[in-house]
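A.B. asks: Structural data only, the sequence is not supplied:
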């Protein structure tokens, strides 16, 4: 039986990440980067496509036992899983040390009580499960080689090979610790140094403890906020500051459907809102690194801003289908690359400008090129804001005049006007004030349905879109405006699932819908958090808190969220874990905490 998406844990080293199942199986790992080929792709196929299981020995005709307990060690990305067996209790510690040399996945088996027979079963398959590597011994170490890649397997346990799989069978007693390490190195280079698992474990714990200490949030939702911040940090590619939307590809938005996309890239939108959350919780260094990444990525060509880039700023992210992988629960096709990279999405200009504005107003050291970039982006919008685009949701149907795109164009102009008014940039102030007014008027005239008292997805349409919930959050209209309240209530009526979560927009089942794709999808978690934000902004704080806490209950036992929630199957769907879900969790926690303090202050 295929594990559910929420059965997985995340570990990573801020350059790549692995997913570890409750039964001790690593089913997903790309080396050496987030966007590299997977050496374990069992998540999107079968065991034939690569896996590494480490847990209590079991009969071959029975499923591997699931851990009785698992948790992260304190506020870290060190996973601890425990099994209770008839012969005793055993613990497995999984982590990836912040990289200083070769990337490593380290697994330490620790006996807790009794004497527990254990088994490690390692099946490496390069190129997303397609290539069987040459596995051999080199100076007492096991190495797998295929093309440019080599993976080194080190352990004190005795190993043997059988059926293209490397096994280790051993027994642990109380207090005994046996370590296993995978290290990657280009195949033409010398072997990586011998690992030092215990020292690496201490260094990893020290790193996360030191990082978490910088968090400035100390409200009632601190546990959820800290876990989300750690997840966002884990999704940051440390060498460049780029932030991936998720560490996975092709986990389906609908089980068995075709809405399967590669999220191992840096969406400007996702990265910008991630920057916002990090800045507001005390993490300026990450914000500075992302700003530098942005300036490098768009250097020389800001007029052709892409919606996403590779984690080092690569522009070409050609989309392909891996037809040898059946997909997660037969959800195909499995895609790598992303053909939406060159879509026109005008809202991105607003998100980037808003992020630069926040960095400026929160005291991040001034960068003259950042200000110059902001001015160039507005000069582009002057000429193109009134064009149709693909919108925030990357529709693969015809372009439209999406209301959210126009609102974010207004945001871009508004924040740039504020930059000029502060004296930190020069520009045609009066001309851009007129542009800001023109965009605002255009949206209110063409994107608002007077009869229903709601803004609509696009000009002339009747459909709603959850991105309209950002109108008050971006300051386009005040929360008490009747049009804002009407839009919130219309979305509650028309885009809510039976359990109160929010869909992005209407889909139409088997036939291609508004987004040009067949099938349906789950409730989009970011949109549900936006609803909680809006409810708090219009004074319905108790209702907002109830929705927020209901959303928190959807997290898995480790506090992680995928992109969507399937209200019919009652399970997480979409790529996992998803930055675009964890960022609004943080934002809503901050807003509700501030609302509570305001109410308490008023009562005094």
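C.D. replies: Structure received. Bear in mind that the values here come from a model prediction, so they are computed numbers and not experimental data. Residues are numbered from 1 along each chain as shown.

A.B. asks: from here on, contacts and neighbour counts on C-alpha atoms
C.D. replies: Fine.

A.B. asks: Could you list the low-pLDDT ranges of the chain?
C.D. replies: Along the chain, the parts satisfying pLDDT under 70 run over 300, 302, 508-519, 598-604.

A.B. asks: For it, which segments are assigned as helices?
C.D. replies: Here the chain has its helices, by DSSP state H, at 126-129, 197-212, 222-234, 268-280, 284-298, 347-361, 368-384, 403-421, 429-446, 470-473, 482-494, 525-537, 541-552, 579-603.

A.B. asks: Quick one: closest of these to residue 136.
C.D. replies: Ranking the helices of the chain by proximity to residue 136 (CA to CA) places helix 126-129 first, at 15.3 Å.

A.B. asks: Packing partners of that closest one?
C.D. replies: With contacts taken as 3 or more CA pairs under 8 Å, 6 or more residues apart in numbering; DSSP states H and E, helix 126-129 sits against strand 38-40.

A.B. asks: for residue 471, what are its contacts?
C.D. replies: Residue 471 sits next to 404, 407, 477, 484 when contact means CA atoms under 8 Å, 6 or more residues apart in numbering.

A.B. asks: Could you double-check that residue 288 lies in contact with residue 362?
C.D. replies: No. The pair residue 288 / residue 362 is not scored as a contact, 11.6 Å apart, by CA atoms under 8 Å.

A.B. asks: Residue 33: neighbouring residues, count only.
C.D. replies: Per other CA atoms under 10 Å, the neighbour tally for residue 33 reads 19.

A.B. asks: what does residue 220 give?
C.D. replies: 12.

A.B. asks: what's the answer for residue 423, then?
C.D. replies: By the criterion of other CA under 10 Å, residue 423 has 8 neighbours.

A.B. asks: same thing with residue 451?
C.D. replies: 6.

A.B. asks: same thing with residue 321?
C.D. replies: Residue 321, neighbours per other CA under 10 Å, totals 12.

A.B. asks: give me the beta-bridge partners of it?
C.D. replies: Taking DSSP bridges as the rule, residue 321 bridges to residue 335.

A.B. asks: Please tell me how far it sits from residue 393.
C.D. replies: Plainly put, residue 321 is 21 Å away from residue 393 if you go by CA to CA, to the nearest Å.

A.B. asks: same check, this time on residue 554
C.D. replies: Counting by CA to CA, the gap from residue 554 to residue 393 is 23 Å.

A.B. asks: So which of these two has more stuff around it?
C.D. replies: Neighbour count, other CA under 10 Å: between residue 554 and residue 393, residue 554 has more, with 19 against 12.

A.B. asks: And for the more buried one, nearest residue in space, chain neighbours not counted?
C.D. replies: Once flanking residues are discounted, residue 554 sits nearest to residue 561: 7.4 Å by CA to CA, 6 or more residues apart in numbering.

A.B. asks: so what's the one you found up against?
C.D. replies: By CA under 8 Å, 6+ apart, the contact set of residue 561 is 6, 554, 555, 572, 576, 577, 578, 581, 582.

A.B. asks: cutoff 10 Å now
C.D. replies: Residues near residue 561 by CA atoms under 10 Å, 6 or more residues apart in numbering: 5-6, 228, 231, 525, 551-552, 554-555, 572-582, 585.

A.B. asks: And residue 29, by the same measure?
C.D. replies: Going by CA under 10 Å, 6+ apart, residue 29 touches 11-12, 16-20, 36-43, 50-52, 105, 128, 247-248.
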